[in-house]
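Novice: can't give you the sequence, but here's the structure:
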């Protein structure tokens, strides 16, 4: 369990003997550069910058980074820098990819390429990790950016990836709360039925050393006091490690509401691919990108 990102950073630095190689695809992006060079200062990332060399150098000079330690891998104008980033990963010259100045579809296309990409499992999902005011530890959340309407099969894969990701962070028995509007199963609310099915899968050891509890409302998942008041008897109430949202819009709205409070710290990446990938909103702050880089360094 990590109470905050400071604890995660300490764990990352103690685990990794040397900084992880962070490949920035489309590196002529001010926020991405600021974040990756700050991560370099903190000791957990080494920048490899992929993109149009002239544009990158111009930004580096403007930001006073030109004399810092980095490597530029140039690509021609009009070429997708993610293709080169993927190649570097295959050659063992990178540990994870950071989305810079390019569209998400252009980031994903080379990664998802069946012949040359980084998607052996065939399933990629978004994983959020959040330091939320009032919650006693970092809280993970399932897909708020990639899969709009996950089926039960998708949710099973998302839970698998979430539990595997939490294990990589050091959690021995991750607890996933299948979030719904109520803790009662109702045929009129299909997400509650699916949440119950996922809990049954966990009870049948389909997720290994991982727990799924559901359906469960947000207050019961995150506040023991609410469970006492409602008479909800579960050892996991108020102590989940991850929220499984029923649809992408739920997680997207929740994260944007949390993000409005500067005391909250949000980070996110893509998991399921051969390597983790920093993917944040275009409006994400430098700090959010920085914490996402830390997350990927920890997962690499």
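Specialist: Nice, thanks for sending it over. What you are looking at is a predicted structure, and each value in this text was computed from that prediction instead of being measured.
Novice: what ranges does the stretch 151-300 of the chain have for its strands?
Specialist: 175-179, 211-216, 242-244, 265-271, 277-278 (DSSP state E, counting those that start in this stretch).
Novice: okay, those strands, which one's buried deepest?
Specialist: Each of these was scored by mean neighbour count; the highest is strand 277-278, a mean of 30, by mean count of other C-beta atoms under 10 Å. Where C-beta positions appear, they are placed from N, C-alpha and C, glycine not excepted.
Novice: contacts for stretch 217-234 next, please.
Specialist: Under the contact criterion C-beta atoms under 8 Å, 6 or more residues apart in numbering, stretch 217-234 has outside partners 135, 139, 177, 179-183, 213, 216, 237-240, 243.
Novice: how about the strands of the stretch 151-300 of the chain, which one is nearest residue 47?
Specialist: Nearest of these to residue 47, taken as C-beta to C-beta: strand 277-278 at 12.4 Å.
Novice: parallel or antiparallel, list what pairs with the closest one.
Specialist: In the sheet, strand 277-278 lines up against strand 96-99 (parallel), strand 265-271 (antiparallel) (DSSP bridges).
Novice: buried set for stretch 195-204?
Specialist: For stretch 195-204, burial by neighbour count (16 or more other C-beta atoms under 10 Å) applies to 195-199, 201-202.
Novice: take those and keep only those in helices.
Specialist: 195-199, 201-202 (DSSP state H).
Novice: one step back: need the strands of the stretch 151-300 of the chain in TSV with mean pLDDT, can you?
Specialist: Shown next, in TSV, are the strands of the stretch 151-300 of the chain (pLDDT from 0 to 100):
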stretch	mean pLDDT
strand 175-179	98
strand 211-216	97
strand 242-244	98
strand 265-271	95
strand 277-278	96
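Novice: tabulate those strands (TSV), appending distance to residue 45.
Specialist: Shown next, in TSV, are those (distance: least, C-beta to C-beta, whole Å):
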stretch	distance to residue 45
strand 175-179	29
strand 211-216	33
strand 242-244	25
strand 265-271	13
strand 277-278	10
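Novice: closest to residue 13 out of those?
Specialist: strand 265-271 (16.7 Å).
Novice: point out where the stretch 201-300 of the chain drops to low pLDDT.
Specialist: For the stretch 201-300 of the chain, applying pLDDT under 70 flags the ranges 282.
Novice: show me what contacts the nearest residue to residue 136 once chain neighbours are set aside?
Specialist: In this structure, residue 136 finds its nearest non-sequential neighbour in residue 3, 6.8 Å apart by C-beta to C-beta, 6 or more residues apart in numbering. For residue 3, the contacting residues are 136-138, by C-beta under 8 Å, 6+ apart.
Novice: most neighbours out of these, which is it?
Specialist: Neighbour counts for the contacts of residue 3 (other C-beta atoms under 10 Å) peak at residue 138, which has 24 neighbours.
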